[in-house]
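Colleague: just the structure for this:
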Amino acid sequence: MLTSPKVFSLVLCVLLGVPTVAIAQVAPAPWYERIQFGGDFRPRYEGFYQKERTTRHRNRFRLRLRINTNVNDDTRLQIQITSGDPGTPTSTNQTFKGFFRPKPFNLDRANIQYNPSGASALTLGMGKFGPPMTRTQMLWDNDLNFEGGYEQVAWAVNDTVDVTLLSLQTALTEVSSGEDSYMLGGYGEVGFSFGSHRLQVSVADYGFGNVDQVAVGQAAGLIKSPFTNLVDRDANGTVIGLASDFNMVDTIVQAEFDTGREEYPFRLLAEYLRNTRAASSQDTGIWFEARYGGSRAVDTYTLGYTYGRMQQEASLSPFVFSDMLGTNVQLHMVNLAYNPLPNLSLDLTLHFFKRLEVETGMRNNWLARPHIAAIIRF
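Modeller: Just a heads-up that it's a prediction; the model follows:
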């Protein structure tokens, strides 16, 4: 049945001599037909096993609900709400505790992306958004979302080479009676295609202004992520800032290989990180990933391995991989995932951690953390 606007459009076309087929091609879909809903739910068991310490068991869940919609041909809106502790920027997990009290739900993303049809290489983003560049959890946890804006230009030089350039402006915190804290980033990426294989090289520079506010916020309880960076204190022992400034230069080389099996590509990634403004020589991080598979098709699996070695002042500890417990750490992680049914995967991840440097007399045994999870996507 035709709605009134459609009847009016058809009558107008007849009067003007315009083919009525053009109306069906030009008229935009109703707003409710442009909305895409998505999300996932993940219940998970976690164990903490370490020599000379009491074994700990923890059950958690993650729930994410997402809305994406094209406001018009050039503009896209995204909204995401999640479970999790609002004091932790790097985790949307919610622990089963609190004597059956209700769990909090938070606004995790709210952003727009503008990609003009007349300049398709350009993308402008603003709001609270996920990282728009290639990165690993050595710097930014997968659950972390920036607040601010970015400008991206991406184009293909030819059939085998493509380039992406990006600038990033973020606000860490606004201080009414002092200087605000922020992070500015610059990112460049070059991709090379060799038949069905691909090599990508990227370099990023993340520079922080008035970064002492991160340590002050953590000491005040505003940030609940693990904190392992060196801090400065006043004569009373109160935290007044960080010992280091932070300008993190991050280089990533990533290769993806076609194995001849569509569901089982092979991916390798190597990363080198250095904080050029660290207060000590503990300023470097390295990261390595290998993954076989990655498809969500039924009856397929994924096998992955990650190695990380991050010195104490290489990165800001509240924003790194939340399961890594900050900086000054060595990590081995093995992951196995299997998809028995559509939109359902079973996941086993084994983490092994150890501090790189500890004070004399402190224990430094390996910590083993197994995660067993089911992930339902919708």
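Colleague: am I right that Asp323 falls within a strand?
Modeller: No: read with DSSP: H, G, I helix; E, B strand; the rest coil, Asp323 is helix and lies in no strand.
Colleague: isn't it right up against Leu367?
Modeller: No: using C-beta atoms under 8 Å as the test, Asp323 is too far from Leu367 to be in contact (10.5 Å). Using the backbone N, CA and C atoms, a C-beta is placed for each residue, glycine as well.
Colleague: what's the overlap in contacts for the two?
Modeller: Common contacts of Asp323 and Leu367 (C-beta atoms under 8 Å, 6 or more residues apart in numbering): His351.
Colleague: ok now stretch 39-57, how far from the chain's centre?
Modeller: 22 Å (C-alpha atoms, centre = their mean, to the nearest Å).
Colleague: got the buried residues for it?
Modeller: For stretch 39-57, a neighbour-count test (16 or more other C-beta atoms under 10 Å) marks Asp40, Arg42, Arg44, Glu46, Gln50 as buried.
Colleague: a markdown table please, covering those and showing secondary structure.
Modeller: Shown next, in a markdown table, are the buried residues of stretch 39-57 (three-state DSSP):
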| residue | secondary structure |
| --- | --- |
| Asp40 | strand |
| Arg42 | strand |
| Arg44 | strand |
| Glu46 | strand |
| Gln50 | strand |
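Colleague: pLDDT and distance to Val163 added to those residues, as JSON lines?
Modeller: Converted to JSON lines, the buried residues of stretch 39-57 look like this (pLDDT from 0 to 100; distance: C-beta to C-beta, whole Å):
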{"residue": "Asp40", "pLDDT": "98", "distance to Val163": "33"}
{"residue": "Arg42", "pLDDT": "98", "distance to Val163": "36"}
{"residue": "Arg44", "pLDDT": "98", "distance to Val163": "39"}
{"residue": "Glu46", "pLDDT": "97", "distance to Val163": "41"}
{"residue": "Gln50", "pLDDT": "96", "distance to Val163": "46"}
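Colleague: what's the farthest-apart pair in the residues you listed?
Modeller: Spanning the widest gap among the buried residues of stretch 39-57 are Asp40 and Gln50, at 30.2 Å by C-beta to C-beta.
Colleague: now do the strands in the stretch 251-378 of the chain.
Modeller: With DSSP state E, counting those that start in this stretch as the criterion, the stretch 251-378 of the chain has strands at 266-275, 284-293, 300-310, 329-341, 344-355, 367-377.
Colleague: the first one to strand 300-310, inter-axis angle?
Modeller: The one in question is strand 266-275. If you take axes from the mean of the first three to the mean of the last three C-alpha atoms, to 10 degrees, strand 266-275 sits at 20 degrees to strand 300-310.
Colleague: surely Trp140 forms part of a strand?
Modeller: No: assessed with three-state DSSP, Trp140 is coil; it does not lie in a strand.
Colleague: which residues touch it?
Modeller: Pro131, Phe319, Val320.
Colleague: for Ala270, see how far away it is.
Modeller: Separation of Trp140 from Ala270 (C-beta to C-beta, to the nearest Å): 17 Å.
Colleague: now, the contacts of Trp140 that are in helices?
Modeller: Applying DSSP state H to those, no entry is found in helices.
Colleague: count of neighbours near Gly84?
Modeller: Neighbour count of Gly84, defined by other C-beta atoms under 10 Å: 24.
Colleague: typed the wrong thing, it's Ser193
Modeller: 16.
Colleague: try the one 10 residues further on
Modeller: The number of residues packed near Val203 is 13, by other C-beta under 10 Å.
Colleague: what about Ala215, which SS state?
Modeller: helix.
Colleague: that one is in contact with Asn229, isn't it?
Modeller: Yes: Ala215 lies in contact with Asn229 (C-beta under 8 Å); the separation is 7.2 Å.
Colleague: out of the two, which sits in the busier spot?
Modeller: Asn229 (26 against 23).
Colleague: surely the more buried one is within a helix?
Modeller: No: the assignment for Asn229 by three-state DSSP gives coil, which leaves it out of any helix.
Colleague: excluding covalently adjacent residues, which one is nearest to Gly308?
Modeller: Nearest residue to Gly308, sequence neighbours excluded (C-beta to C-beta, 6 or more residues apart in numbering): Leu331, at 4.0 Å.
Colleague: quick one, what contacts the residue nearest to the spatial centre of the chain?
Modeller: Central residue of the chain (C-alpha atoms, centre = their mean): Asn142, 3.2 Å from the mean position. Asn142 makes contact with Phe321, according to C-beta under 8 Å, 6+ apart.
Colleague: do you know how far it is from Asn93?
Modeller: 12 Å.
Colleague: and Ile67, by the same measure?
Modeller: 22 Å.
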